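test case, fold it:
(2 chains)
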Amino acid sequence: MKQLMSGNEAIARGAYEAGVVFASAYPGTPSTEIVEYLQQYDEVHAEWAINEKVAMETAIGASIAGGRSLAAMKMVGVNVAADPLFTYAYMGVNGGFVFVSADDPGMFSSQNEQDNRYYAKFAKIAMLEPSDPQECKDMTKAAFDISEKYNTTVMIRTTTRVNHGQSLVELGERKEVPLKHYDREMGLSRFDAVPALSRKLRVELEERLAKLEEYSENSEFNYEIWNASNVGVITSGVAYTYAREVFGNNVNYLKLGFTHPLPKKKIKSFADKVEKLYVIEELEPYLEEELKMMGIECIGKELLPNIGELSTSIIKEKILGQKEKLIEYNKDKLVPRPPTLCAGCPHRGFFYELGKIKNIIITSDIGCYGLGGSAPLRAKDTCICMGGSVGTGHGAQFILNKKNNGGRAVAVMGDSTFFHTGMNGVANAVYNKSNEIICILDNRTTGMTGHQDNPGTGFTAHGEPTEIIDIETVVRAFGVKNVKTINPHKLDEVRETLKWAMDLDEVSVIITRYPCALKKYSKADLEEFGPLTHKYYVDEEICIGCKICTKTGCPAINFKIDEKKSSINYDQCAGCSVCSQVCPVDAIKEK
Amino acid sequence: MKTTNVLLVGVGGQGTVLASKILTKGLIEAGYDVKMSEIHGMSQRGGSVSTQVRFGSEVYSAVIGNGEADILVSFEAMEALRYLYMLKPDGIVITNDVELPSAPITAGLARYPEGVLDEVKSKVKTYVISATRYAEELGNPKVANIILFGALGKILNLDSIDWEKVISTTVKPKFIDINIEAYRLGQKLVGEEYAK
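The predicted structure is shown next:
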């Protein structure tokens, strides 16, 4: 039976069919849907972890205790999870253990485009690279068997076009896999990372790689397609699909699906049979470098770029010399259509006020509130990584103090970010006697990735009610004395609270608390906040065309240049009232 | 069979994803090899969205390269011009004429550009459908996407597919009637242009 599905749904299906019982992830595009699909199966327990390190650790724990488990994350999440990954790699597994690294070439929604295939080489683990949803399913399913048979962590490495691409996938049945036995002997002889044991495991690790290389030589996922040609193409992942489109039946292919360890003999034998060899891969020359180390002549990044997404157009131009025939037209007319904070977003009022303050460095973070840096708000200086805002702010504040010009660091993060690793930064700021200003923008959800629950929302990934971790209680427990929780839609409250924090010479925490405008309110949300009941409109008789309302950046506000009047789109207005508060002549009124 | 490449573009919230879903469903049921990809990350924040649908007898890539789209369906006027580089020089554009201002425009920093559809029409065969206006006349501006889908269906000319059946099994039951009306209207509107 075939069904149309995305790569993510297919990965979840593959894990389900392989008998996975435990899965953990932290939301991150393009991987987020994997756990969302997994939690739909009754036989699978799928959770949101508070960050990728914990996700990896919980999946490892499940594996050690004897169950098949999976962790999923976007590629920068592997950086967070790297610590447990590298050491567990030495230990082998008990229950099969697979993790997904969802890379993002072209940075559609990421801070960088690191090529995570190198993690497999670095950590010395097995790796599979699916090219389409069917392979996502087949490879994930096989990964658990490979994991247990060869006693190894297995990494499934995907890219955005594979995670979010859709095509037909043949479905299979779930295999119920009995939980494996575990005892103290196993633990002390395999899972305790003390140097004496690790030295032993280190040697076993190399032996394991040798056996995996044998598997690689014979794997169904590495295969040749011969046509009448003396040109060869070696390729993996989504690049294979582009190569097939461009070269058709005019070349011979060695399609690599199991790409660490590589099937060196198979590669050499293929290379020997062709006169010219191309390596078609996206981002870094991971495959090409291995081939060149083996002494195989091949053409890859001397022609293809290692920056950005690969495409059929690029391959046609760089390898076949066929420049794309494009329609020539006047692009000057085009006005950009950048993403903005939604109408009614609770972050808008906060950033509007914050952006007016001089002599501050705003160290921000990853999430919807990252859009606080966009025009016209421009209330942002830095963003490095998830949970990094507080630490960055602390270091910056130290230097600002040394400059002695009254400069302040204001760190900004969301609720999910706070739980991810922002908490650690707050504890560090207290411990190391900072005077930075820390803002936690709690919109009662993990917003940017599609409204997932987190430890502050009161629900698990399965939708079950659970303990709410209260942010204010946590920061007070860390020892922060100066804490205020405010409504970000009330601009005078925001203004006064920011001033209060700026006047302090100790660390302070400002928590803004109001639900995301697009969030489906929980019962608790309705009780605490009630719905926004009024929309707003501009009384054009009073409007003086000063454009101050447009400085809030609200997409529902439309300034008519020729008439020099503002107007509000009724359907889009969410009734947050921020614009009515900034209007200097009270032209914006409740409907 | 040569692969056909359809690119659907618009602004977040216009229903491009639903239209793509119906298209893909019908093609798969008719036995084509189909691959689809979407960029929807910024859809709810007012950004551009696009979906690519490729179908034929043997399709590998889910992604259409620059200048490779056979048909560009745009749900918004300026987006038709923005994505024109994706279209083959002898390709076809089906576009809505609704103008949705983007952030710089609503902020009063720029004007909605004039003559975007004239520019498009001067370069390629273009069917302009006032889908949003007609949808409002039908009673629900949200069915503009299905009017455009009706136009696409007519241009694709795949007789073996009963698109009305596909629509009926995809949308919520209480919306079936208006969606069928919208689909038929789209067929009729582009049919009239065909005849010109």
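
and the stretch 101-250 of chain A, which residues reach chain B?
Taking CB under 8 Å from any CB of the partner chain as the contact definition, the stretch 101-250 of chain A meets chain B at A:108-109, A:132, A:161, A:164-168, A:238, A:240-242, A:244-245. (Each C-beta comes from the backbone N, C-alpha and C, glycine too.)

pull the contacting residues for the residue most central in space within chain B.
In chain B, the centroid-proximal residue (CA atoms, centre = their mean) is residue B:73; its distance is 3.3 Å. Residues counted as contacts of residue B:73 (CB atoms under 8 Å, 6 or more residues apart in numbering or on different chains) are B:6, B:7, B:8, B:9, B:19, B:93, B:94, B:95, B:148, B:149, B:151, B:152.

got it, and residue B:111?
A:561, B:105.

look up how far residue B:104 lies from it.
Using CB to CB, to the nearest Å, residue B:111 is found at 10 Å from residue B:104.

nearest to residue B:183, of the residues of the stretch 101-250 of chain A next to chain B?
residue A:166 (22.4 Å; CB to CB).

residues in contact with whichever strand or helix holds that closest one?
Per DSSP states H and E: residue A:166 is located in strand A:165-170. The contact list for strand A:165-170, computed with CB under 8 Å, 6+ apart, reads A:1-7, A:10, A:13, A:132-134, A:136-137, A:238, B:24, B:28, B:33-38, B:59, B:62-63.

so which of the residues you listed are in strands?
A:2, A:3, A:4, A:5, A:6, B:33, B:34, B:35, B:36, B:37, B:38 (DSSP state E).

widest-spaced pair of those residues?
A:2 and B:38 (20.1 Å).

just want to know which of these two has more residues nearby.
residue B:38 (22 against 11; other CB atoms under 10 Å in any protein chain shown).

list the beta-bridge partners for that one.
Residue B:38 forms beta bridges with residue B:51, as assigned by DSSP bridges.

residue contacts, it?
Counting by CB under 8 Å, 6+ apart, residue B:38 has contacts A:164, A:166, B:17, B:20, B:49, B:50, B:51, B:52.

from residue A:257, how far out is it?
Counting by CB to CB, the gap from residue B:38 to residue A:257 is 24 Å.

do residue A:75 as well
Per CB to CB, residue A:75 is found 19 Å from residue A:257.

how about the helices of the stretch 1-150 of chain A, start to end?
A:7-17, A:33-38, A:52-64, A:75-91, A:117-123, A:133-150 (DSSP state H, counting those that start in this stretch).

closest one to residue A:555 among those helices?
helix A:33-38 (26.3 Å).

residues making contact with the closest one?
Residues contacting helix A:33-38 (CB under 8 Å, 6+ apart): A:6, A:8-9, A:11-13, A:15-16, A:20, A:23-25, A:44, A:46-48, A:70, A:72, A:100, A:102, A:163, A:452, A:461.

my guess is residue A:48 contacts residue A:450. True?
No. Using CB atoms under 8 Å as the test, residue A:48 is too far from residue A:450 to be in contact (11.9 Å).

quick check: neighbours shared by these two?
Joint contacts of residue A:48 and residue A:450 (CB under 8 Å, 6+ apart) are residue A:27.

minimum distance to chain B, which residue of the stretch 51-200 of chain A gives it?
Closest contact between the stretch 51-200 of chain A and chain B, by CB to the nearest CB, is at residue A:165 (3.6 Å).

from residue B:52, how far out is the spatially closest residue to that residue that is not a sequence neighbour?
For residue A:165, ignoring the flanking residues on the chain, the nearest one in space by CB to CB, 6 or more residues apart in numbering or on different chains is residue B:62 at 3.6 Å. Residue B:62 sits 7 Å away from residue B:52, going by CB to CB.

buried set for stretch A:444-462?
A:444-461 (16 or more other CB atoms under 10 Å in any protein chain shown).

what sits up against that stretch?
Contacts of stretch A:444-462 (CB under 8 Å, 6+ apart): A:27-29, A:32, A:35-36, A:39, A:45-48, A:50, A:366-368, A:370, A:414-416, A:418-419, A:442, A:463, A:465-471, A:513-516, A:518-520, A:522, A:524-525.

report the distance from that stretch to the chain centre.
15 Å (CA atoms, centre = their mean, to the nearest Å).

now do that stretch, average pLDDT.
Mean pLDDT, computed over stretch A:444-462, is 94.

put the alpha carbons of it into PDB.
C-alpha atoms of stretch A:444-462 as PDB (Å, rounded to 0.1, in the frame of the first residue of the first chain):
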ATOM      1  CA  ARG A 444       3.200  30.200  26.200                       C
ATOM      2  CA  THR A 445       4.400  28.000  23.300                       C
ATOM      3  CA  THR A 446       7.400  27.100  21.100                       C
ATOM      4  CA  GLY A 447       6.200  29.300  18.300                       C
ATOM      5  CA  MET A 448       8.500  29.500  15.300                       C
ATOM      6  CA  THR A 449       8.600  25.700  14.700                       C
ATOM      7  CA  GLY A 450       4.800  25.400  14.700                       C
ATOM      8  CA  HIS A 451       3.500  25.600  18.300                       C
ATOM      9  CA  GLN A 452       5.000  22.700  20.200                       C
ATOM     10  CA  ASP A 453       4.600  22.300  23.900                       C
ATOM     11  CA  ASN A 454       7.400  22.900  26.300                       C
ATOM     12  CA  PRO A 455       8.000  22.600  30.100                       C
ATOM     13  CA  GLY A 456       6.100  25.900  30.600                       C
ATOM     14  CA  THR A 457       2.900  25.100  28.700                       C
ATOM     15  CA  GLY A 458       1.500  22.400  30.900                       C
ATOM     16  CA  PHE A 459       1.200  19.700  28.200                       C
ATOM     17  CA  THR A 460       3.500  16.900  26.800                       C
ATOM     18  CA  ALA A 461       4.000  16.100  23.100                       C
ATOM     19  CA  HIS A 462       1.200  13.500  23.500                       C
END
